[in-house]
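Chemist: Next input, structure requested:
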Amino acid sequence: MHERPHINRAGLAMISLAIALACIVALTMQVRDRWNSPEVKPAAEAQYTTTGQSARVAGARISQSEPKPSIEPEPEGPKPAQPANPD
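Modeler: Down below sits the predicted model:
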């Protein structure tokens, strides 16, 4: 005769599977906002949104930024090198 009771392994596996699925769903819900790229609004549109209203109340001004050139010029002169032993 056995002194230990029989362990229902299938039941334990189902409980473990349910916990794992619940954890996967919870983690997915926490990181889902990182899948989408942030919405960047131009200054004219941001002026009339909640962000623009908050900025005006705080005393800030919303202005159009200068566009960056598509190709930036290379700096003149040699490139700086890292020293072999920075002491």
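
Chemist: Any regions of this protein where pLDDT drops low?
Modeler: 1-2, 46-48, 51, 62, 69-70, 82-87 (pLDDT under 70).

Chemist: how about the helices in the chain?
Modeler: Applying DSSP state H to the chain gives helices spanning 9-31, 43-46, 50-58.

Chemist: center of this protein - which residue?
Modeler: Arg34 (4.4 Å; Cα atoms, centre = their mean).

Chemist: Next, count neighbours for Gly52.
Modeler: 17 (other Cβ atoms under 10 Å). Backbone N, C-alpha and C define where each C-beta goes, glycine included.

Chemist: Number the residues from 3 up from this point.
Modeler: In the new count, where the first residue is 3, that last one comes out as Gly54.

Chemist: Check the gap between it and Ala46 for me.
Modeler: 10 Å (Cβ to Cβ, to the nearest Å).

Chemist: same check, this time on Leu29
Modeler: 38 Å.

Chemist: again with Gly61
Modeler: Taking Cβ to Cβ, one finds Gly61 at 20 Å from Ala46.

Chemist: With neighbour numbers in mind, choose between those two.
Modeler: Ala46 (10 against 6).

Chemist: That's all I had, so thanks and see you.
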